[in-house]
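Peer 1: below are the sequence and a predicted model for it; my questions follow.
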Amino acid sequence: MDSAFKALADPTRREILKLLRTGPRTSGEIAQRFETAWPTISRHLGVLRDAGLILSERQGQQIVYELNTTVFNDVVEQLLDWIRPTPSSRSGRKHA
């Protein structure tokens, strides 16, 4: 889970994820959307893949990336757990 939050901290990686919402894309299609050098985009894709946020599949000489929605569900559940009231917080005590 920590690697997913770390991956989400970078704005370029969030833009890559936003791009992949519309469907799978090749690494070349992703790289074309950014002014950053290809090796930098490749590293971002590696971080996202290592965090489990995207899946990759080789198709011939191309690599196709897509969102891994299962991990996003886990991240959202973790966030919701942080904001859900706990039994002790319902006891009427005010937090400073």
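Peer 2: Nice, I can see it.

Peer 1: alpha carbons only for contacts and neighbour counts from here, please
Peer 2: Fine.

Peer 1: please enumerate the strands of the protein.
Peer 2: 25-26, 54-59, 62-67 (DSSP state E).

Peer 1: mind listing what the second one pairs with, with the direction of each?
Peer 2: The reference is to strand 54-59. Paired strands of strand 54-59, with direction, are strand 62-67 (antiparallel) (DSSP bridges).

Peer 1: report the mean confidence score over the helix ranked longest in the chain.
Peer 2: Scanning the chain for the helix with the most residues, using DSSP state H, yields helix 69-83. Mean per-residue pLDDT for helix 69-83: 83.

Peer 1: if we go by neighbour counts, what in that helix is buried?
Peer 2: Using 16 or more other CA atoms under 10 Å as the test for burial, helix 69-83 gives 71, 75.

Peer 1: quick one: contacts of that helix?
Peer 2: Applying CA atoms under 8 Å, 6 or more residues apart in numbering, the set of residues contacting helix 69-83 from outside is 1, 4-5, 52-53.
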